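Colleague: here you go, sequence then predicted model.
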Amino acid sequence: MTIAADFYDEQDSVFCSKRVCVMDAAGHLGSALVHSLLLRGYTVHAAFQNHDEMQCFKRKYGCGNVDDSKSKKLICFHADPLDYHSIVDALKGCCGLFYSFEAPSDYPTYDELMGEMEVRAAHNVMEACAQTDTLNKVVFTSSATAVLWGTRKRDQHDTPVASHSDSYVDERDWTDINFCKKYKLWHGLSKTQAEKAAWALAMDREVSMVSINAGLLIHPDLNIREPYLKGAAEMYEDGVFVAVDLKFLVDAHICAFEDVSSYGRYLCFNRVINTSKDATTLANMLLPPSASSETQSLEDDIVYEQRISNKKLNKLMLGFDTGLDVQVN
């Protein structure tokens, strides 16, 4: 069942050029996107798969407060990514969708079953997009782990190379699914399969889509159990361990949506973790104080060459204006 604020005027749906949907709006990225989009003047359909999280969000933003111009542009929906019809309801009248998969609260661990769930969710979302006549573009949040595992390497002249030396990866590369299965890299497997499913359906149903392949998202709740971190030591030594600040990730999503020239996949990161100092800083964020103090013994002169490129996104975001000095939490 769709739950929307009472002030939602169905006639407004014809004016969809500034009406977008954010799904799932409960996560760090989703809630920050809602905040920034509201400040940019969008009407936002915030879609949640968890009722409790939706109610908490509505209280936080004063959803339904007729005296608050920002909250009047916020409409909250319950939308289960495994329930096609609830997604269709949330998308009604929207010209765009920002989609990021959030693991169910009762199933927070990535494994093979999570991968199957994420693929089904991606299929449902893209099918719902294909059935929404007003929809012009989808910004699909994927991961750098769908790019970097077991991939083909190139040198600086874009020539395929057999050795690891002087090679790099970018958004043209796809993670090797069999490699992930062999080493139980379930996060990379899930993100790769879900993104491939989304691209296949987008091309088949002629849905305009771009994907943002994000590095490790830096946020206050980050801890050592983060699924992205499986294989962190190998990513670090290979020079492909990347992270992204929340504000930068939000800006990348909005830029990709608003820029008519955006296309395909975009690797998104603004931090490269390739020195012992970087590794120590991250470890101190991930581990409790008693454990993180032990990381200070790391040598200071270890530097691994960066072997991952995000120049496509950097080019797209040249001159991008947030329009406001927005702080996201």
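Modeller: Thanks, I have it. Numbering: from 1, shown residues only.
Colleague: any idea how far residue 305 is from residue 244?
Modeller: Plainly put, residue 305 is 20 Å away from residue 244 if you go by CB to CB, to the nearest Å. For the C-beta atoms, the positions are set from N, CA and C on the backbone; glycine is no exception.
Colleague: Validate this expectation: residue 20 resides in a strand.
Modeller: Yes - with DSSP: H, G, I helix; E, B strand; the rest coil as the criterion, residue 20 is assigned to a strand.
Colleague: where along this protein do the strands fall?
Modeller: Ranges of strands in the chain, per DSSP state E, are 19-23, 43-48, 74-78, 96-99, 137-143, 153-154, 160-161, 209-214, 216-218, 242-245, 264-268, 271-272.
Colleague: how about those in CSV, adding mean neighbour count, mean pLDDT and distance to residue 182?
Modeller: Putting the strands of the chain into CSV (neighbours: other CB atoms under 10 Å; pLDDT from 0 to 100; distance: least, CB to CB, whole Å) gives the following:
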stretch, mean neighbour count, mean pLDDT, distance to residue 182
strand 19-23, 28, 98, 32
strand 43-48, 27, 96, 36
strand 74-78, 24, 94, 39
strand 96-99, 26, 99, 29
strand 137-143, 25, 99, 19
strand 153-154, 18, 58, 18
strand 160-161, 12, 42, 22
strand 209-214, 25, 99, 22
strand 216-218, 20, 97, 22
strand 242-245, 21, 98, 23
strand 264-268, 24, 98, 24
strand 271-272, 18, 97, 26
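Colleague: can you redo the ones you listed as TSV with distance to residue 231?
Modeller: Converted to TSV, the strands of the chain look like this (distance: least, CB to CB, whole Å):
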stretch	distance to residue 231
strand 19-23	28
strand 43-48	31
strand 74-78	35
strand 96-99	25
strand 137-143	12
strand 153-154	17
strand 160-161	22
strand 209-214	16
strand 216-218	12
strand 242-245	13
strand 264-268	17
strand 271-272	16
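Colleague: looking at those strands, which is closest to residue 111?
Modeller: Nearest to residue 111, of all the strands of the chain, is strand 137-143, at 15.9 Å by CB to CB.
Colleague: and the contacts of that closest one?
Modeller: With CB atoms under 8 Å, 6 or more residues apart in numbering as the test, strand 137-143 has contacts from 29, 95-101, 122, 126, 129, 187-188, 191, 194-195, 198, 202, 207-215, 228, 253, 256-257, 265.
Colleague: what residue is smack in the middle of this structure?
Modeller: Per CA atoms, centre = their mean, the C-alpha nearest to the average position across the chain is that of residue 141, at 3.3 Å.
Colleague: next one: that residue relative to residue 266, how far apart?
Modeller: Distance from residue 141 to residue 266, by CB to CB: 11 Å.
Colleague: start and end of stretch 219-229, how far apart?
Modeller: One end of stretch 219-229 sits 14 Å from the other (CA to CA, to the nearest Å).
Colleague: quick one: average confidence on that stretch?
Modeller: Mean pLDDT, stretch 219-229: 92.
Colleague: now do stretch 316-326
Modeller: Mean predicted confidence for stretch 316-326 is 74.
Colleague: what do you get for stretch 275-285?
Modeller: pLDDT averaged over stretch 275-285 gives 93.
Colleague: then it to PDB, C-alphas only?
Modeller: Extracted as PDB, the C-alpha positions of stretch 275-285 are listed here (Å, rounded to 0.1, in the frame of the first residue of the first chain):
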ATOM      1  CA  THR A 275      49.600   4.600   1.300                       C
ATOM      2  CA  SER A 276      50.200   3.300   4.800                       C
ATOM      3  CA  LYS A 277      49.000   6.700   6.200                       C
ATOM      4  CA  ASP A 278      45.700   6.300   4.300                       C
ATOM      5  CA  ALA A 279      45.400   2.700   5.600                       C
ATOM      6  CA  THR A 280      46.000   3.800   9.200                       C
ATOM      7  CA  THR A 281      43.500   6.600   8.900                       C
ATOM      8  CA  LEU A 282      40.800   4.200   7.600                       C
ATOM      9  CA  ALA A 283      41.700   1.600  10.200                       C
ATOM     10  CA  ASN A 284      41.200   4.200  12.900                       C
ATOM     11  CA  MET A 285      37.700   4.900  11.500                       C
END
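Colleague: perfect, that will be all.
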